[in-house]
Every structure is written in structure tokens, then in C-alpha cells.
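Novice: 3D, please:
(one chain, ligands or ions: 1)
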Amino acid sequence: MSRIPRPATSGPSRARRGPAALSALVVGTALAVVPAAPANADAGCAVDYTVDDWGSGFTANVEITNLGDAVDGWTLDWSFPGNQQVTNLWNGTHTQSGADVSVSDAGYNAAIATDGSVSFGFNASYSGSNAAPLAFELNGVLCDGAVDPDPDPDPDPDPDPDPDPDPDPSGRVDNPYVGADVYVNPVWSANAAAEPGGDAVADEPTGVWLDRIGAIEGNDSPTTGDMGLRDHLDEALEQAGGDPLVFQVVIYNLPGRDCAALASNGELGPDEIDRYKNEYIDPIADILADYEDTELRIVATIEIDSLPNLVTNVSGRPTATPECDEMLANGNYIEGVGYALATLGAVDNVYNYVDAGHHGWIGWDDNFGPSAQLFYQAANAAGATPDDVHGFIANTANYSALKEDHFSVDQTIGGVPVRQSDWVDWNRYVDELGFAQALRQELVSQGFSSDIGMLIDTSRNGWGGPDRPTGPGPETDVNAYVDGGRYDRRVNPGNWCNQAGAGLGERPQTAPEPGIDAYVWMKPPGESDGSSEFIDNDEGKGFDRMCDPTYEGNVRNGNSMSGALPDAPVAGHWFSAQFQELLDNAYPPLD
Ligand code: BGC
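Specialist: Alright, predicted model coming up:
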């Protein structure tokens, strides 16, 4: 897998020094309102225009909130008051003629639900003053925070014969982890117990990864051993003993899998969407359906690391790869995720959680909103609806710290914002808890149910041991301050493979924080992220140099050392030395 941060050139860069961001809700007062929305539609919008200005240029973030009926396709128009000139723009396409700018959607973010938002950003140059535009128009309608009523309202609106909230007809509960134990995978448990000291955690629940078609029936792979899905479900019923039990399964076999990296490339080629549907998702759904009326609650985490790659690793970004461009162009990630959501979601006791990357990947403004929009698009693809999504999972198989206590994005050290430090690098978030809670809000604003909950994978983000900081770093400069205080001791937050120094994180627990359904160990600790040199295998897995400890990096990790442990086996295979280090550096420490 890969978890790739946003490109350093597409947002504010740390080279820029300037006044703090100016945020303004721009409300037009002088312009006439020109209703140009479709007939019989309410139209209205608000625009939040935020600027990081460094004197001769600036980066703007523009958030459009649709207050009217849902739109599919948008254009935002404004005039600059000065000589501002857009130099590059992301998450949209633009034209500029003199002072007049017109920005249209980028395709994947064309739909804006009622009360939903989309964001785009741009860099611009200017001289003289840099006043904000006075007014914006969305599809020809002035964004003044008001809604123009439907000129021909439906004369017979639905009187809502059932004023009570409809109970979920599937019988799903709000948080499946409440009042339930969680399945312990005997294959992982035996591997853990065989390690010195492993007994301390061998009874913890971990995810069951269906990482290829053969894993459904059981294929003697190091990950699944000789247990197929049905074997696991039967064992789960034993463990349940008549009480509710969460069974965590990872759906991980998209066509063209892992398009920005090589370590977890899979068995299906980029165009093999039909095999994905017919030979992978359908058989899984058929088996799960046999356990529909049991006490099992099936938590299905959907396609780790797929959708964010279509935001951050495609053309227009310096981090682009041809493989991710192909998966964006052929639509098979979106189609596959939509199909998985719809097909698995049709089984009453399945709770779908879509993978949402982590803060060190999509925490930047130019990735955050667009990722949420893309998730919404996938939740409406291939027969899926947003009701098929129970929530999202952050940090799967990653190492981002749960909470950083010793620095925050609101702080300034010697006049320099913490966001400007090399480590934070203008990210909006510094840890997974803050990121997951904020992303939940963003997802709701995009149109997902306000009942969605988040999972956070805490399997390997503990960062304990003797090197764990006990207080903030020195205030000599912003980098010393952040680096001295941070728990996450990676070389760069874009590093993702078998990270040296990591420890087990919070033990799995239910409803630990507002908006968080559970901390989970979705990645089974001790299973490798990728081999540190090429090892021949029949799983489709490649060799990614991010798993080689001598690798000096690329644009996706700020050209930093990989930070990977040496002598690692193929992704998913047992990696004893890593497991030992995870035990040693566990935080909270093991009893
Ligand atoms: C591998 C999978 C494995 C999973 C869990 C991934 O990196 O590609 O084969 O099942 O990790 O260890």
C-alpha cells in the first residue's frame, strides 16, 4: 500500500512568508441577482474565500456551499478588484480574461448536494493591493447566502405521512461495536502467540484481509492461512456464543490496486472490473448473506488506499503516476468501490466503512474537500447510495499518531506558525483524531448521513519506548519545537512502509471519542507492508523502494529517507523483527 502526502507545490509552501491567512465570507450587496438555475429549482450559495498572501503572490482556497437544490455541474464567476492573475488552479478548470475569472468543476467534484460544499484552490500573482473579490456567482446566481425560491414550487409537496424517523429497515445499530465483542482471527493470533512476549496481545481482534480471490476459499497464504471466509465466519459464530460479535473484514482487491506504489499491487489488471465484481465481490456477498440472520455484525472496510490516490496522484500534481491516471480515466476504482458498497450493503448485517487515507495524506486543504467529494461520488456509483456507507476508516495500516499533545496548528513560535514547520508543512491537521473528527463533519456536509461514524486504525501508531517525548520541544525555532515534541518519529509523514521505531497503538476500544465508533487494529501487527528488496511471488506484489531502508525518497515523501526496517518479507507475510519492535515500543505500554 502507499499513503502519499499532497504535493508540496500545490498549496502554500514553507518558503512563503507573509501575513496570516485572511478569511472572509464574501457577501455581495451591490449586484443584481440573476437567477439562472434550472427551472423549478431553488438556488443559493455562499463562498468562503481564504488567502495566504506573501506580498507579491498568494494562494487562495475557495469553498462553495450550495444552499439551494443539488447541482450537477458548476461554474463560479468573479472579478478581481486589482491586477491579480491566476497562475495555476487545482480541483477545477479556469479561464481568466482581464479581471474576470471563471472556474468550472473538475468532473469528479461536479455534484454539490444541498448544504454540501466543494473547494478548489489556486496560486496567483499580483502587484499593488490584493483585495478579495466583492461578489461570486454560482451558475449565474449571486452567492449572497440567501436562497432564491423555486419560481414554480411543486403544488403538491409530499406532506410526509410518516412524521417519525423511519427506523433502519435492516435493523443495523448506530455503532456496531457498542455491546459487542470483536472477532479474534486465529491465524494472526497464533502468529502473535508464537513470538516471545506475543501473548500480551494475541487475544486482540484484528482485520481479516481478503487480499485476493483465492483468499475467499482459503489459499494457504501467510495472511489467511488455511481459513477461507466461511471458516472465519463459522469460527466467529463460535466466539459469539449467541451474543453480538463484530467481524472485521477488509475488502482489498481492486483492479489496478495500489496505483501509486508497487508493494501491494494485486492480481487484477486495471481493466478487470468484471472479474472484481463476478469473482470477488459477488462470492463474498453470497457467503455473507448466509450469515445475515445471525448475531454477527460484519464490518467491511472498503478498499484501502484507493480513492485518495485519484485525488493526489494524478496529472496536475507532481506526485502523479501513470497507473493512477489510468485508474482515474477508466473509472474502475469508483465503479469497484460503488459496486462493493451496493452489493455488500444489501446484506442486512453488513456495516460498510470506506477507507479515508490519513491526515498525512489528505489533511491538506487541496486534498481534504476533494477526497470527501470523491467518496460521495463513489457512494453514488454502480448502484450504491450514501445509505450503503456506515462510516469511514482512517489510518489503515499507517503510522500517523493518534494525538499529538505537544504542538498544534494554532500555535506560533517566534512569530512563525507551526503550520510552517518542515514536519507540518501547511497541513491542517497534526494527528488522526483531529483529522478523523473533522473529516466526519466534511463528509456530512458533502451529503453523507449525520449518523456516520469513524474508525481509526491504531495497530501501529503508538510511538512509545525510550525516545517518546515527554514535553514540547525547545522554542528556539519552529522546527526544533515541533520535532522535539512530536510522538510520530518518522522521517517524513509520507513514509508508510515498515516504519522503524513504531509501536503498537491504543488497544482496540469502542466509542473512545465523539464521532469515533472504535479504535481498531485493522492491519494485523507483524504483517509486512512490503519487501525491502525484490522477492519473487505469485501474488502480483512488486518491490517498492519505499520499503528499502537505503532509499533516499521521491516527491511523494519529500525526498526523505524511507525509514523502513531492513530484511522485510513480501507485503502481508509475517515479519518477526517488526512485531518485536512493535511490542517494545507499544504506547500505551503493554502490562
Ligand atoms: C498486503 C496484503 C495483506 C495486508 C494485511 C497488505 O499490505 O498487500 O496482502 O493481507 O497487508 O497484512
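
Novice: From now on I want contacts and neighbour counts done on CA atoms only, so please keep to that.
Specialist: Noted.

Novice: Closest residue of this structure to the ligand?
Specialist: Distances between the chain and the ligand by Cα to the nearest ligand atom are smallest at Gly572, namely 3.7 Å.

Novice: mind listing what that residue touches?
Specialist: Pro222, Thr223, Glu527, Ser528, Asp529, Gly530 (Cα atoms under 8 Å, 6 or more residues apart in numbering).

Novice: Now Thr50: which helix or strand?
Specialist: Assigned by DSSP states H and E, Thr50 belongs to strand 43-53.

Novice: quick one: average pLDDT of that strand?
Specialist: For strand 43-53, mean pLDDT rounds to 86.

Novice: What pairs with it, parallel or antiparallel?
Specialist: Its sheet considered, strand 43-53 pairs with strand 22-26 (antiparallel), strand 57-66 (antiparallel), strand 147-148 (antiparallel) by DSSP bridges.

Novice: out of these, nearest to Gln411?
Specialist: Evaluated with Cα to Cα, those place strand 22-26 nearest to Gln411, the distance being 16.5 Å.

Novice: what stretches of the protein score poorly on pLDDT?
Specialist: The model of the chain has pLDDT under 70 over residues 1-40, 149-168, 223.

Novice: In which helix or strand does the spatially closest residue to Asn537 that is not a sequence neighbour reside?
Specialist: In this structure, Asn537 finds its nearest non-sequential neighbour in Val570, 7.9 Å apart by Cα to Cα, 6 or more residues apart in numbering. Under DSSP H and E, no helix or strand contains Val570.

Novice: so Val570 sits right up against Glu539, yeah?
Specialist: No: contact criterion Cα atoms under 8 Å: Val570 and Glu539 do not qualify, at 9.3 Å.

Novice: Looking at those two, which is more packed in?
Specialist: Using other Cα atoms under 10 Å as the criterion, Val570 and Glu539 rank with Val570 on top: 27 against 15.

Novice: give me phi/psi at Asn309?
Specialist: The phi and psi values for Asn309, taken as degrees, to the nearest 10, are phi -60, psi -30.

Novice: Burial check on it, number of neighbours?
Specialist: Asn309 is flanked by 29 other residues according to other Cα under 10 Å.

Novice: hmm, back to that, let me have the contacts of Gly572 in CSV, extended by neighbour count, distance to Leu310 and secondary structure.
Specialist: Compiled in CSV, these are given as follows (neighbours: other Cα atoms under 10 Å; distance: Cα to Cα, whole Å; DSSP: H, G, I helix; E, B strand; the rest coil):
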residue, neighbour count, distance to Leu310, secondary structure
Pro222, 16, 30, coil
Thr223, 23, 27, coil
Glu527, 24, 26, strand
Ser528, 27, 25, coil
Asp529, 29, 21, coil
Gly530, 31, 22, coil
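
Novice: center of this structure - which residue?
Specialist: Ala356 (2.1 Å; Cα atoms, centre = their mean).

Novice: Now the residue lying closest to it once chain neighbours are set aside. Its backbone dihedrals?
Specialist: Residue nearest to Ala356 in three dimensions, not counting chain neighbours: Ala394, with 5.2 Å by Cα to Cα, 6+ apart. When quoted as degrees, to the nearest 10, the phi and psi of Ala394 stand at phi -110, psi 150.

Novice: How many residues are close by Ala394?
Specialist: When neighbours are defined as other Cα under 10 Å, Ala394 has 26 of them.

Novice: same deal with Trp90?
Specialist: By other Cα under 10 Å, the residues close to Trp90 number 21.

Novice: now do Gly207
Specialist: 22.

Novice: Next: Gly171.
Specialist: Gly171, neighbours per other Cα under 10 Å, totals 9.

Novice: List the contacts of it.
Specialist: Applying Cα under 8 Å, 6+ apart to Gly171 gives the contacts Asp348, Asn349.

Novice: Can you tell me which residues in the chain are near the ligand?
Specialist: For the chain, the residues in contact with the ligand (Cα under 6 Å from any ligand atom) are Met1, Trp209, Asp211, Thr223, Ser264, Lys523, Pro524, Glu527, Asp529, Ala571, Gly572.

Novice: Need the residues you listed in CSV (columns: distance to Leu328).
Specialist: Shown next, in CSV, are the residues of the chain next to the ligand (distance: Cα to Cα, whole Å):
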residue, distance to Leu328
Met1, 17
Trp209, 25
Asp211, 22
Thr223, 29
Ser264, 18
Lys523, 26
Pro524, 29
Glu527, 29
Asp529, 24
Ala571, 25
Gly572, 26
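
Novice: Endpoints of stretch 513-528, how far apart?
Specialist: Stretch 513-528 has its terminal residues 29 Å apart, counting by Cα to Cα, to the nearest Å.

Novice: buried residues in it?
Specialist: 515-528 (16 or more other Cα atoms under 10 Å).

Novice: What of stretch 308-320?
Specialist: Under 16+ other Cα under 10 Å, the buried positions of stretch 308-320 are Pro308, Asn309, Leu310, Val311, Thr312, Asn313, Val314, Arg317, Pro318, Thr319, Ala320.

Novice: Helix, strand or coil: sort out the fourth one for me.
Specialist: Assigned with DSSP: H, G, I helix; E, B strand; the rest coil, Val311 falls in the helix class.

Novice: For Gly363, list the residues it contacts.
Specialist: By Cα under 8 Å, 6+ apart, the residues touching Gly363 are Asn427, Arg428, Tyr429, Phe435.

Novice: One more pass at 6 Å, please.
Specialist: Contact analysis of Gly363 by Cα atoms under 6 Å, 6 or more residues apart in numbering lists Asn427, Arg428, Tyr429.

Novice: Likewise for Val418?
Specialist: Counting by Cα under 6 Å, 6+ apart, the residues that Val418 touches are Val409, Gln411, Thr412.

Novice: Which among the residues you listed count as buried?
Specialist: Among those, those buried by neighbour count (16+ other Cα under 10 Å) are Val409, Thr412.

Novice: Any idea how many residues pack against Ala190?
Specialist: Summarising burial for Ala190: neighbours were counted as other Cα under 10 Å, giving 14.

Novice: looking at this, it is in a strand?
Specialist: No: in this structure, Ala190 is helix, not part of a strand, as judged by three-state DSSP.

Novice: Disregarding residues adjacent in the polypeptide, which is nearest to it?
Specialist: In space, Ala190 is closest to Ala202, 7.2 Å off (Cα to Cα, 6+ apart).

Novice: And that neighbour, how far from Arg507?
Specialist: 12 Å.

Novice: what's the neighbour count on the residue nearest to Ala190?
Specialist: When neighbours are defined as other Cα under 10 Å, Ala202 has 20 of them.

Novice: try Asn332
Specialist: Counted with other Cα under 10 Å, residues neighbouring Asn332 total 22.

Novice: Next: Asn537.
Specialist: By other Cα under 10 Å, 9 other residues sit near Asn537.

Novice: what ranges do the helices span in the chain?
Specialist: Secondary structure of the chain, counting by DSSP state H: helices at 186-193, 214-217, 229-240, 273-275, 282-289, 307-312, 322-330, 332-345, 359-362, 365-378, 432-446, 478-485, 576-584.

Novice: Can I get the ones you listed in TSV including distance to Asp69?
Specialist: Formatted as TSV, the helices of the chain follow (distance: least, Cα to Cα, whole Å):
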stretch	distance to Asp69
helix 186-193	49
helix 214-217	43
helix 229-240	44
helix 273-275	33
helix 282-289	35
helix 307-312	26
helix 322-330	28
helix 332-345	24
helix 359-362	28
helix 365-378	17
helix 432-446	13
helix 478-485	44
helix 576-584	50
